[in-house]
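Chemist: Give me the fold of what follows.
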Amino acid sequence: MDGLATAGVTEMQGPNFAIDDEDGLKAEARKIAIEKARAKAEVLARDLGVTLVRVVSFSEGGYYPMYARATSVSMEKGMGGDSSMPEIPQGEEKITSNVTVTYEIR
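Modeler: Numbers count the residues shown, from 1 in each chain. A predicted model of the protein is given here:
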């Protein structure tokens, strides 16, 4: 990035970040959500004195990529005269899945 500024570049877009294997991560998020839903249903069934028989319905609320960005050091110092190398802010992106599972009970 420092080389771009030296070359006279005044505007640029990016860098753009992407998730590798987004479909695999979505599948993993869904699997974890289903496991948590099942565990919760088993606890509730035990507390209610009933037995889970089978899944009656299932719905998925979608995936929500959540980007959490940490501010870089150079951004915290402001734009006034700091000649240090430009820094790219670090962050993370989380993919979550929301599921609803309805069980037949006896």
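
Chemist: pLDDT value on the spatially most central residue of the chain, please?
Modeler: The geometric centre of the chain, computed from its C-alpha atoms, lies nearest to Lys94 (C-alpha atoms, centre = their mean), at 1.4 Å. You'll see Lys94 listed with a pLDDT of 82.

Chemist: where's it relative to Ile19, distance?
Modeler: As judged by C-beta to C-beta, to the nearest Å, Lys94 and Ile19 stand 10 Å apart. Heads up, the C-betas are built off the backbone N, CA and C, glycines and all.

Chemist: Kindly report the same for Val55.
Modeler: Val55 is 29 Å from Ile19, by C-beta to C-beta.

Chemist: and if you look at Arg38?
Modeler: 26 Å.

Chemist: Of those two, which one has the most company?
Modeler: For the pair Arg38 and Ile19, the greater number of neighbours falls to Arg38 (15 against 12), based on other C-beta atoms under 10 Å.

Chemist: hang on, the more buried one in a helix?
Modeler: Yes. Applying DSSP: H, G, I helix; E, B strand; the rest coil, one finds Arg38 inside a helix.

Chemist: Contacts only, for it.
Modeler: For Arg38, the contacting residues are Val101, by C-beta atoms under 8 Å, 6 or more residues apart in numbering.

Chemist: Who are the packing partners of the strand or helix carrying the residue nearest to the centre of the chain?
Modeler: Taking DSSP states H and E as the criterion, Lys94 maps to strand 91-105. Under the contact definition 3 or more C-beta pairs under 8 Å, 6 or more residues apart in numbering; DSSP states H and E, strand 91-105 sits against helix 22-48, strand 52-69.

Chemist: Listing partners with orientation, what would you give for it?
Modeler: Counting by DSSP bridges, the strands paired with strand 91-105 are strand 52-69 (antiparallel).

Chemist: Is it correct that Glu11 falls within a helix?
Modeler: No. Read with three-state DSSP, Glu11 is coil and lies in no helix.
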